[in-house]
Every structure is written in C-alpha cells, then in structure tokens.
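S.K.: Fold the stuff below for me.
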Amino acid sequence: QGDGYVRGYEAATGKFLWEFDTNPKDSVWPKNRNEVISTPVILNDRVYLANGQDPEPGEGVGHLYCIDPTKRGDITKTGLVWHYDKIRRSISTGALADGILYYADFSGFLHAIDAATGKPYWVHDMLAAVWASPYVVDGKVYLGDEDGDVVVLQHGKTKEVLAEVNMGSSVYGTFIAANGRLYVTNRNQLIAIQEGAKWDGKVN
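M.R.: Numbering: from 1, shown residues only. Now for the predicted structure:
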C-alpha cells in the first residue's frame, strides 16, 4: 500500500490478518521511505516483495523481502524470512522460477536471487532505467528498459546473456508469451515475435 506496508486480509470476510512494514523504522518520507508499487509474488506460504517510489523522485535505496504470511498482527519482525538490501527502488514485479527470484530495480539492475535464502546468484546491469518486469519462459529471462533495449538471459544460477536487441523506443511493458509468439510493446508499437523465426533485430 501507499504507506509502505504490505497487508493481508481474509478474502471471504475482509478481516485484517497481518501487516509488514517494508521500510526501516528510521526512514523518512520522501528521502528514504518507499511505497509499495510492485505486485507481490506468492508461492508456498511465502510472499516476495520489493518497495520503491513513483519514478518522478528518481533513484534511491530499495528493499526486497521474503515474508511468512502465516503469522498474524504486525509481522515486521516475526514474519521476516529474509531481507535483500542490495536492490534499488523498484516498480517492477518479480518473476519466480525453479527457486530463482528475478527482480529488476528502477536503477536498471536485474537481480537473480535464491528464493529460499535471499542470497544473490548474479546481477545484470541494463544501463538504463527499468519500468518493466522480468519475464521467464522457455528457459529464458526477458527484460526491456527505457532505452528500448531488450536483454535475453539464460534462466539459471549463472549469468549468461543470449541476446540484446533494441526495439526502437522505450520498453515500459513486460513480455507476454502465447500460442508460440512473444508479445511486447514499445512506446508506440505492439510487436509479435514468432517462435522459430530468424529475427534480424529490426522492428517493422
């Protein structure tokens, strides 16, 4: 929510269950206190979430957490599984596959993290601001940035860049796969990439 907390409610009744403050207690708005903008990733009684701010204030320190939502009340301490403090402000949603959590920050870094422990496997510098969210499909990780560059990385614990392509203008959206195609938007186009096609990297 906008106050920097993430909260859980019972879906059937709306009953409040828990809340977790994603900011250190000594943080001050807007200097170093963040909001929750990204969507949580939830799997097997774990909630993964990073905080950040609207892009207008610019870059800054962020926080990424793994939370145990089975706790009740204020679970800022009791519900903390791990805290990753090497991320910058993020407006992206994470992608979780095979125990690896991929999270991008607005400063342009893509982090690959062990979902169980919060330990980093690798970090990739996009060299431009990232508004989009990482997307994992067919053993690959896709991410676009504000300069219009898209990187394709091998999904795994070791960083391997497979391809880098410029889409003509800023890529603010996240990739979607359907029916053998990848879809992505830049600022003024919707682009479909056919599976198996030999792509020359040009956007028509």
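S.K.: Quick one: end-to-end distance for stretch 75-87.
M.R.: Start to finish, the residues bounding stretch 75-87 are 22 Å apart (CA to CA, to the nearest Å).
S.K.: centre of the chain versus that stretch, how much separation?
M.R.: How far stretch 75-87 lies from its chain's middle: 16 Å, per CA atoms, centre = their mean, to the nearest Å.
S.K.: remind me which residues of this structure are low pLDDT?
M.R.: Residue ranges of the chain with pLDDT under 70: 197-204.
S.K.: Let's see that with 80 instead.
M.R.: Filtered on pLDDT under 80, the chain yields the residue ranges 30-31, 195-204.
S.K.: can you pull out the helices in it?
M.R.: Counting by DSSP state H, the chain has no helices at all.
S.K.: Now do stretch 50-57: distance from first to last residue.
M.R.: From its first residue to its last, stretch 50-57 covers 17 Å (CA to CA).
S.K.: in it, what counts as buried?
M.R.: Residues 50-53 are the ones in stretch 50-57 that count as buried (16 or more other CB atoms under 10 Å). Every residue, glycine included, has its C-beta placed from N, CA and C.
S.K.: do stretch 130-147 as well
M.R.: Under 16+ other CB under 10 Å, the buried positions of stretch 130-147 are 130-136, 140-147.
S.K.: Gly118: which of those residues is nearest?
M.R.: Pro134 (17.0 Å; CB to CB).
S.K.: Is it correct that the closest one is in contact with Ser90?
M.R.: No - with contact defined as CB atoms under 8 Å, Pro134 and Ser90 do not form a contacting pair (10.9 Å).
S.K.: So Phe106 versus Gly139, what's the distance?
M.R.: According to CB to CB, to the nearest Å, Phe106 stands 27 Å off from Gly139.
S.K.: same question, Asn34
M.R.: Asn34 is 33 Å from Gly139, by CB to CB.
S.K.: same thing with Arg88?
M.R.: 27 Å.
S.K.: do Val161 as well
M.R.: 14 Å.
S.K.: List the residues that contact Arg89.
M.R.: 34, 51-53, 59-62, 105-107 (CB atoms under 8 Å, 6 or more residues apart in numbering).
S.K.: Give the bridge partners for the nearest residue to it once chain neighbours are set aside, please.
M.R.: Closest residue to Arg89 in three dimensions, ignoring its sequence neighbours and counting by CB to CB, 6 or more residues apart in numbering: Gly52, at 3.6 Å. Counting by DSSP bridges, Gly52 forms beta bridges with Glu35.
S.K.: Who are the contact partners of Gly52?
M.R.: So Gly52 contacts 34-35, 37-38, 62, 88-91, 105-106 (CB under 8 Å, 6+ apart).
S.K.: Could you provide those residues in CSV, with additional columns for distance to Ile113?
M.R.: As requested, the contacts of Gly52 are exported to CSV (distance: CB to CB, whole Å):
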residue, distance to Ile113
Asn34, 18
Glu35, 21
Ile37, 19
Ser38, 14
Gly62, 13
Arg88, 14
Arg89, 17
Ser90, 12
Ile91, 18
Asp105, 12
Phe106, 17
